Structures are given as C-alpha cells and as structure tokens.
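Undergrad: model this:
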Amino acid sequence: MSAVAERLFDTSACASRLRHLDTTAAPNQQTDVFARDERQSTAFYLAAPRPISIVLHPRLGDPIVLTYLDFGTGLPAWADSVLRSLAERWGVKPGWDSYDAKASDREHVVRLLNYLSALMQGTSTPPIVTPLSDGGVQAEWHRQNKDLEVVVPGDRPAWYYYYDAATENEEEEDLNANHARVRDLIRQF
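TA: Residues are numbered from 1 along each chain as shown. Now for the predicted structure:
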C-alpha cells in the first residue's frame, strides 16, 4: 500500500486576503490569528489507510482472520479485551451449545465490531462478547444493577436492550435508529 498522503485542504488561497490585516497589538484592532508561516502553506494530510490483520485463535476450530483498515491510530484501548472475549466464546461449529446452535457467522461478528467501533469511545469499558444460537453475536455490559446488550442476531436487524434495576427502566429498541442513546448508555459502564 502506498504511503503517499492525499492533500485535502490548502489554506494558501486565503493567504493574500489575510496579509492585509493589521497584526499589531493595538487595542480595538483586528488581529491576525494565523502565524505568518502557516499563512504561506498550510495543508492537511490524511494518511493512506493500511490493512491490518488480526488472528483470533478460538478454543476450538481453526484460526479466524479479521482485517481492518488502520488510518494510523491503531486499535482503541477496548479492542484487545473485546477480541479476546470473542476468541474465548466463538461458536465455531454447529451445536457448539450442546443443542442445535448455529456456528457464529463471521458477517454478524464483523457487523458487531463495526457497531462497537461507531458507538464506543477509546476509553469505554469493554463488553463481554457472546455468541448466539442463531449464528449472531452480542456484546454485553453488567454493572451496578444495570445491564446493556447490543445484539446482532442472525435473523433480524440489530437491536439493544437496557435494564436498570434501581429505576426499573427497561428499553428494547432498534440499534440503527438509536445510536446516540446507546452511546450514552455505554458511558454508564
């Protein structure tokens, strides 16, 4: 992958208009907030993403490779714990629960990881990830008599469930229509 960055924004077009401003410290005069060097050539560069592969080693079954695009920031702090939880609990084969459970579907796992990436901050408390018997997967938090589950089932759209035992508040809603609410709930854990 090429390491060449793409030039996105250049303020040099504004430099000629900024030069006419009086930059003295006299009271009641407009002040130029841009440093002289920055006016000449300011550009914003975004590093080209590079694919990073992560290999999960479930307790049973073959290794599972997940690939994501890294924009130079690396994985968030919560990711290691989530990936470890996922590897420990992955439903590798049909009947993994001693009944008729379907194997965990990688597509659902990737969807859950994408949701977590969109919903969680770098310092968020990591959830426990568990497989579902329909091939789906869920992330769950439990703390101080509060429960939150982000569910990506195998047979319907993603949803969340929240329960607070102290207030007896209970919610079960579509995840896609409630991202802001779920972000707020995750901050409680």
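Undergrad: I figured residue 58 was touching residue 83, is that so?
TA: No: using C-beta atoms under 8 Å, residue 58 is not in contact with residue 83, being 11.2 Å away. Glycine gets a C-beta too; all of them are placed from N, C-alpha and C.
Undergrad: for the protein, what spans make up the strands?
TA: 6-10, 43-46, 50-56, 64-70, 128-131, 137-143, 146-152, 159-164, 169-174 (DSSP state E).
Undergrad: which strands and helices sit next to the fourth one?
TA: Counting contacts by 3 or more C-beta pairs under 8 Å, 6 or more residues apart in numbering; DSSP states H and E, the secondary-structure elements packed against strand 64-70 are strand 50-56, helix 106-119.
Undergrad: Highest mean neighbour count out of the ones you listed?
TA: Burial of the helices and strands packed on strand 64-70 is given as mean neighbour count (mean count of other C-beta atoms under 10 Å); helix 106-119 ranks first at a mean of 17.
Undergrad: shaky segments in this structure?
TA: 1-46 (pLDDT under 70).
Undergrad: The residue most central in space within the chain and residue 69: what is the separation?
TA: Central residue of the chain (C-alpha atoms, centre = their mean): residue 117, 1.1 Å from the mean position. Distance, residue 117 to residue 69, by C-beta to C-beta, to the nearest Å: 11 Å.
Undergrad: Appreciated, that's everything.
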